[in-house]
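S.K.: Predicted model follows, preceded by the sequence.
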Amino acid sequence: MEVINRYGIKFKPSYTPIKIDADKKIITFKSLEPSENKCIINADESIGEVISGTSNIEMPFDFLHLAPPQEAPAFVKNSTLVNEAGWLDVDIQTLQHLKYKNIFGIGDVAGLPTAKTGAAIRKQVPIIVEHIE
């Protein structure tokens, strides 16, 4: 969130894209949490966001970066390997599983306070190399 705030990125985690009009440069989202709009107006006029009905949002764009919802794969999420949030339960210093010492985790599956991106993995690999015996 510090990086998002530093660069003034408009972060919309509960918006699901349903249509992109590339010619008009407008994306239409459906809000996953339309109840958010019942108490306050949360449309961001600075980016031309327009909310219609209870869950449709149209937004003009010059550059669009979309990331899929992130969660551990089902075989991990539905196992005894995860923490209460559903991520692989690893030590944030060593990336070693807290219970099963022969398991290490990086990237999208690991319960780490980092982005689930290739950039994060780039920094995690040397830690794994350092701690694997």
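M.R.: Received it, and whenever you're ready, just let me know what you need.

S.K.: domains of the protein?
M.R.: 9-60, 74-131 (automatic domain parsing).

S.K.: Could you look up the SS state of Ile57?
M.R.: Three-state assignment for Ile57 (DSSP: H, G, I helix; E, B strand; the rest coil): strand.

S.K.: Next, count neighbours for it.
M.R.: By other Cβ atoms under 10 Å, 24 other residues sit near Ile57. Yep, even glycine has a C-beta here, placed from its N, CA and C like the rest.

S.K.: Next: Leu66.
M.R.: Neighbour number of Leu66 under other Cβ under 10 Å is 11.

S.K.: What residues of the top helix by length along the chain count as buried?
M.R.: Scanning the chain for the longest helix, with DSSP state H as the assignment, gives helix 118-131. Using 16 or more other Cβ atoms under 10 Å as the test for burial, helix 118-131 gives Ile121, Gln124, Ile127.

S.K.: Once you drop chain neighbours, what's closest to the first one?
M.R.: Meaning Ile121. Nearest residue to Ile121 in three dimensions, chain neighbours excluded: Gly107, at 4.7 Å (Cβ to Cβ, 6 or more residues apart in numbering).

S.K.: which parts of the helix-or-strand element of the chain with minimal mean pLDDT are buried?
M.R.: Lowest on mean pLDDT, DSSP states H and E among the helices and strands of the chain sits strand 50-52, with a mean of 71. Neighbour-count burial for strand 50-52 flags Ile51 (criterion: 16+ other Cβ under 10 Å).

S.K.: swap in stretch 80-94?
M.R.: Buried residues in stretch 80-94 (16+ other Cβ under 10 Å): Leu81, Val82, Trp87, Leu88, Asp89, Val90.

S.K.: And for stretch 8-18?
M.R.: Buried residues in stretch 8-18, defined by neighbour count with 16+ other Cβ under 10 Å: Lys12, Tyr15.

S.K.: and that stretch, how far apart are its ends?
M.R.: 24 Å (Cα to Cα, to the nearest Å).
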